[in-house]
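Novice: take this sequence and fold it.
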Amino acid sequence: MEEFEEEDIRLLGSFLGHKAHKEHRRRRLCGLLSWETVAALGSVSVLAAVFYLLRSAPFTDGRPFESKQDPLAVGPQCGPSWTQAEAAGCVYDLLMSAWVPPHCHDAELYRQYVADVNSTFYFDRQQESRVAWDVVLSGRHPSSGLWTDGGFHHLHCTYIWERQHRAYTHAAATGEPMVLDSHCRNHTHTLHCIWWNGRPRAWEINWPNITRIYPPREPIRCLIDVIDV
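Specialist: Take a look at the predicted model:
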């Protein structure tokens, strides 16, 4: 999952023009509480909750929660290509933009988030070839990925956080091992989502072809381990 590169951001800034910049300054000077400000305040609350959760146990190498032992990998190794993943019996998760082992797929949460997806997907950045919804959900995408709006990127990050939260709280409440895939446990990706969702921008959220979605480059495993609570 990625957005425009830095050069694209500079070009887009020029495209938006001086008028938009002046209007932004005027609203700030007038002290108006803009939509962007409301979104930022909401993100602060979300980030505070996430940081509280993640600080309950320190990060480990590639794992967001401290384990009493090395996690056990169960089920198939998924990906990186959809042909490999499908042959291995993996399940496609659009919100993760990845194929995951069935035992690590939170079907209930996934259905809730898919119902909230209100994005249009394209095979190309030029938005010339629209992708049918059933193809989007199938995961049978070209290696170049699909293109969609910035709002989907933020939804993806929130989904990853809730996956972490549900896995951790279930394990803490029941004493059962924590079941969570290797991508959701990835330290670097979690920090990326914290940074990204903490800086929402209206133009980026609504831009129709700013986000490219594609599976992680590394195969995904379902990991089970006992955590310290």
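Novice: C-alpha only now, for contacts and for neighbours.
Specialist: Noted.
Novice: can you pull the contacts of residue 121?
Specialist: 130-132, 136, 146-149 (Cα atoms under 8 Å, 6 or more residues apart in numbering).
Novice: repeat that with 10 Å
Specialist: 127, 129-133, 135-136, 146-149, 208-209, 211-213 (Cα atoms under 10 Å, 6 or more residues apart in numbering).
Novice: using neighbour counts, trim those residues to the buried set.
Specialist: 131, 136, 146-149, 208-209, 211-213 (16 or more other Cα atoms under 10 Å).
Novice: among those, which are in helices?
Specialist: residue 136 (DSSP state H).
Novice: of all the buried ones among the contacts of residue 121, which comes closest to residue 180?
Specialist: residue 213 (21.1 Å; Cα to Cα).
Novice: thought that closest one was touching residue 147?
Specialist: Yes - the criterion here is Cα atoms under 10 Å, and residue 213 meets it with residue 147 at 6.3 Å.
Novice: tell me where this protein is predicted with low confidence.
Specialist: 1-68, 229 (pLDDT under 70).
Novice: all strands for it, in order.
Specialist: Taking DSSP state E as the criterion, the chain carries its strands at 72-78, 91-93, 98-100, 146-148, 178-181, 211-213, 220-225.
Novice: nearest to residue 113, of those?
Specialist: Across those, closest to residue 113 is strand 91-93 (Cα to Cα), at 10.5 Å.
Novice: strands paired with that closest one, and their directions?
Specialist: Strand 91-93 pairs in its sheet with strand 98-100 (antiparallel), by DSSP bridges.
Novice: for the strand it pairs with, which outside residues touch it?
Specialist: Contacts for strand 98-100 (Cα under 10 Å, 6+ apart): 1, 75-82, 84-86, 89-93, 105-106, 139, 181-183, 213-217, 219-222.
Novice: circling back: mind putting the strands of the chain into a markdown table with distance to residue 155?
Specialist: Listed next are the strands of the chain as a markdown table, based on distance: least, Cα to Cα, whole Å:
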| stretch | distance to residue 155 |
| --- | --- |
| strand 72-78 | 22 |
| strand 91-93 | 13 |
| strand 98-100 | 15 |
| strand 146-148 | 12 |
| strand 178-181 | 18 |
| strand 211-213 | 12 |
| strand 220-225 | 20 |
